[in-house]
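**Student:** turn this into a model:
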Amino acid sequence: MRVKICGITKPEQGQAIAQLGATALGFICVPASPRYISAKQIRDVVSQIPRHIERIGVFANTSCLEICQVAVAGDLTGVQLHGDESPEFCTQLRQLLPTSVEIIKALRVRNSQALVQANLYIGCVDTLLLDAYHPQMLGGTGKTLDWENLQQFCPSCPWLLAGGLTPENVNDALNQLKPNGIDLSSGVERAPGDKDLTKVAHLFQQLEARKMLADAELNSKIPHEFFDRREIHLPSHS
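**Tutor:** Below is the predicted model of the structure:
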């Protein structure tokens, strides 16, 4: 499963979080955000991490041209659109970005209508992300989604779950939902843009324990299923 830690601002924290197990680091490219980081600062972070770690820039109501410029300057592998970008905007951006750069469209889920809206983006983005709605904040709110109401959400493209996830509640979320990945920011912070590495380590401990339990359950079922299906032939005595 993809695990994206968003709102990275410090090179040493980015490096440590990558080592702890993150598959992606997120960088806020919205100047009004307390987690804002410039393209040059992004390069300072990504120069310290392995190349296989995904590097996602988060934008909100930014022009296609500026997104493309930051994507190149910051050596990004993906862009996340967290504003009011239309499907038409996403289509235009797809034509301008290299095909290797992932486009993620974030939807702030206020009600069931937001889930219906998700269908409009399938085909013009690579991945969807569901985040909690806040009237003043675009993300990093610490608010959780109503996971029960998302249980029927099953788009035909990959999707990430965000919105108030923490090391303490991530298992509850994943027991109810089956996203292709998770995205955390404020849930592993001391302050906006300042990650708490103890919390990040706790998160990956929880995820590893969950994986080990699932593997153990799967392995315990295989012999029984094998013997249940196997036709038993007793030796004949002549």
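
**Student:** go through this structure and flag its longest helix.
**Tutor:** helix 197-229 (DSSP state H).

**Student:** would you mark the buried spots in that helix?
**Tutor:** Neighbour-count burial for helix 197-229, with 16 or more other CB atoms under 10 Å as criterion, is recorded at Lys199, Val200, Ala201, His202, Leu203, Phe204, Gln206, Leu207. Backbone N, C-alpha and C define where each C-beta goes, glycine included.

**Student:** how about low-confidence regions in this protein?
**Tutor:** Applying pLDDT under 70 to the chain flags the ranges 111-113, 133-143, 222-238.

**Student:** where is the longest strand in it?
**Tutor:** strand 102-109 (DSSP state E).

**Student:** quick check: next helix or strand after the helix or strand containing Leu160?
**Tutor:** Using DSSP states H and E, Leu160 sits in strand 159-161. As assigned by DSSP H and E, the chain's next helix or strand after strand 159-161 is helix 170-176.

**Student:** show me what the helix or strand following that next one is packed up against.
**Tutor:** Next helix or strand after helix 170-176 toward the C-terminus (DSSP H and E): strand 181-184. On a contact count with 3 or more CB pairs under 8 Å, 6 or more residues apart in numbering; DSSP states H and E, strand 181-184 meets strand 2-6, strand 159-161, helix 170-176.

**Student:** which residues sit against the shortest one?
**Tutor:** The one in question is strand 159-161. When contacts are defined by CB atoms under 8 Å, 6 or more residues apart in numbering, strand 159-161 is touched by residues 2, 4, 104, 127-130, 145, 150, 153, 173, 177, 179-183.

**Student:** swap in 6 Å and give it another go.
**Tutor:** Identification of contacts with strand 159-161 by CB atoms under 6 Å, 6 or more residues apart in numbering yields Leu128, Leu129, Leu130, Pro179, Asn180, Gly181, Ile182, Asp183.

**Student:** before we move on, what about the last one?
**Tutor:** The contact list for helix 170-176, computed with CB under 6 Å, 6+ apart, reads Trp147, Gln206.

**Student:** quick one: it to chain centroid distance?
**Tutor:** In terms of CA atoms, centre = their mean, to the nearest Å, the centre of helix 170-176 is found 15 Å from the chain centre.

**Student:** all further residue positions should be reported with the first residue as 292.
**Tutor:** Sure, I'll start numbering at 292, so the last one becomes helix 461-467.

**Student:** list the buried residues of it.
**Tutor:** Judged by neighbour count using 16+ other CB under 10 Å, the buried positions of helix 461-467 are Val461, Ala464, Leu465.

**Student:** got it, and the first one?
**Tutor:** Buried residues in strand 293-297, defined by neighbour count with 16+ other CB under 10 Å: Val294, Lys295, Ile296, Cys297.

**Student:** which helices and strands does that strand pack with?
**Tutor:** Secondary-structure packing of strand 293-297 (3 or more CB pairs under 6 Å, 6 or more residues apart in numbering; DSSP states H and E): strand 315-319, strand 472-475.
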